[in-house]
Structure formats: structure tokens, C-alpha cells
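In: Structure for this input, please:
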Amino acid sequence: MTGELSRSHAVFSDGKGNRKLELWGTKTSLGEKEGAQMEGTSAILYQEGKPALKIVAKNVRIEIDGRKPSRLTAQGSVSLETMGQLDARTIKCNNLVWLPKDNPLQGVLEGSGNVAFLSGADMELYGSRFTADSVLQKLKILP
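Out: Have a look, this model is predicted:
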């Protein structure tokens, strides 16, 4: 099926009623081979049914394999922010790729371009690239 929506909201679950990923878009194009392209969007990754990471970007594209997300790409003013954790962590970059696993929290985030990592009020790191787990607990900033 192909088509286009002017506003959209998609929820992916684990089949047991727990949310894994939620997406919002102002414009969504659906294609048979290319999955869905969402623009002007935000996404939330869930950990055990609770919001864990919010992603906001100018353009987000999600690829779907069967009924589950296989890749999420974000471009333009990308911001990632942890949710529900005591020490809030934020990463800003130009481009982001999220490769989920069967458990999205074991997935991998890879970002590039003007990377800035902020944790609390006293920690800032900068680089050109980063890799992290899906909830920013394990993070590597590269020059």
C-alpha cells in the first residue's frame, strides 16, 4: 500500500501490550518498498512500557520489517533526551541512526555532526560522532 498522511501517530508494541516505539509526524508518506517517511517528527523509545528516550528532528524516516521497526534515521537538528531517569542526559547532533534489536533497549544509536552531550548541569562533551545504547547508558563520543 502507498499513500500520504498530513498528520500521523504510530505505536509499535511487543505484542503483549507494552509500547516499544511511538512516532508523531506532520507528514507521512507510505511506500511498499521504502517503508514510511515521517517529517517534522518526534519519537519516544520505551523501556518496560515506560518512556525512556525522546528523539526530535526535522526529518525522521522509519523502515519497517514485517510489523516491527528495523531502522530509524533522523536528520537536521536532532535532539535525544532521556526520560524517567534521575540524571537527565541530552545529545544533540546533525544525523542519527537507530538500529533496534528484538529488545529496542539493546539497540544501537549512532550520531554524527556537531555532537554535544550534556548530563546534568556540570558535564558537557563534544565530538564529531557518537555511539550509544538506546537509553544513553553506554556512550562513546568520538573526535
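In: any idea what sits nearest the residue nearest the centre of the chain, other than its immediate chain neighbours?
Out: Centroid-nearest residue in the chain, with C-alpha atoms, centre = their mean: residue 55, separated by 4.7 Å. In space, residue 55 comes closest to residue 43 once its chain neighbours are excluded; the distance is 4.5 Å by C-beta to C-beta, 6 or more residues apart in numbering. No exception for glycine: its C-beta is placed from N, CA and C like everyone else's.
In: Residues in contact with the helix or strand containing the residue nearest to the centre of the chain: which ones?
Out: Residue 55 is located in strand 50-65, with elements delineated by DSSP states H and E. Here strand 50-65 makes contact (C-beta atoms under 8 Å, 6 or more residues apart in numbering) with 10, 23, 25, 34-46, 69-85, 96, 98, 105, 134-136.
In: Try it again at 6 Å.
Out: 35-39, 41-46, 69-84, 135 (C-beta atoms under 6 Å, 6 or more residues apart in numbering).
In: Please name the nearest non-neighbouring residue to residue 51.
Out: With C-beta to C-beta, 6+ apart, the residue lying closest to residue 51 is residue 83, at 4.3 Å.
In: what about the one you found, distance to residue 126?
Out: Distance of residue 83 to residue 126, computed by C-beta to C-beta, to the nearest Å: 23 Å.
In: Mind checking which of those two has more residues around it?
Out: Between residue 83 and residue 126, counted using other C-beta atoms under 10 Å, the more crowded position is residue 83 (15 against 11).
In: hang on, residue 87 in a helix?
Out: No. Residue 87: not assigned to a helix; according to DSSP: H, G, I helix; E, B strand; the rest coil it is coil.
In: per-residue confidence at it?
Out: Residue 87 carries a pLDDT value of 77.
In: what's the answer for residue 50, then?
Out: 89.
In: what's the neighbour count on it?
Out: So residue 50, with other C-beta under 10 Å, has 11 neighbours.
In: what's the spacing between it and residue 142?
Out: 30 Å.
In: ok, now residue 43?
Out: 24 Å.
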